[in-house]
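1. Quick check, what structure comes out for this input:
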Amino acid sequence: MAKRPSSIDRLDPEVRDWIGRLRDQGRTLDEIIAKLRELDVEALPSRSALHRHLQKAEAIAERLRKSRAVADVIVRRLGDAEPDKATRLNIELMHQAVFDMLSTAGEDGEPVTLEPMQVMLMAKALDHLGKASKDDVARTVAIEKRAAEKARAEALQQAEAAVVKAGGPKALTPELKEAFKAMLFGQSNG
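-> All right, here's what the predicted structure looks like:
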């Protein structure tokens, strides 16, 4: 049987947004309900429904704060670690999340059991995580390669400009230009 949406969840998104903003301003339940009456909300939620909704929202916000704090600590510890370590960490975190999900008891106190489709979807998520990290490494390498090529091109222009400035326009011979390219790019015409 599908779970029925709460009276708050059935409200217009704008009204739910108002509720969140008012709570963020530190308003009480009674003040929020008064504001909803002012806005002439058709299906005014009960005080208890509003309280449950705000408790749920606060619990989610607390979990997000904790998650961000953990992520900040991990990022600081990793520092400029090579992508391979970050990839291994992400995979380990996913394994831990799966373990936590499977080891927590269901509503009736029984262990959580998964259908074959759920197991397949988790395996697929792990596979996608691995592919995403591989793509991230390839993207990082490509960015670093472009940055290095740009730096070499700028160095070539600066070297040529310095030769022209020091020796005049005829000082930059084709041979000198090729020597600069060979030094900076490993290229030569010979």
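
2. so is Ser6 in a helix, a strand, or just coil?
-> Under the three-state scheme (DSSP: H, G, I helix; E, B strand; the rest coil), Ser6 adopts coil.

3. Report the contact partners of it.
-> Shown in contact with Ser6 (Cβ atoms under 8 Å, 6 or more residues apart in numbering): Pro45, Ala49, Arg52, His53. From N, CA and C alone the C-beta is placed, and that goes for glycine too.

4. Please name the nearest non-neighbouring residue to the last one.
-> Using Cβ to Cβ, 6 or more residues apart in numbering and skipping residues adjacent in sequence, the residue nearest His53 is Ile8, 4.0 Å away.

5. Help me confirm that that neighbour comes into contact with His51.
-> No: Ile8 lies out of contact with His51 (Cβ atoms under 8 Å); the separation is 10.2 Å.

6. Those two - which one has more neighbours?
-> Ile8 (19 against 13; other Cβ atoms under 10 Å).

7. okay, the more buried one: pLDDT?
-> Model confidence at Ile8, given as pLDDT, is 85.

8. Next, it: phi, psi?
-> Taking degrees, to the nearest 10, you get phi -70, psi -40 for the backbone angles of Ile8.

9. That one and Lys35: what is the separation?
-> In this view, Ile8 and Lys35 are 14 Å apart by Cβ to Cβ, to the nearest Å.

10. next one: Ala148
-> From Ala148 to Lys35 the distance is 58 Å (Cβ to Cβ).

11. So for these two, which residue has more residues nearby?
-> Lys35 (16 against 10).
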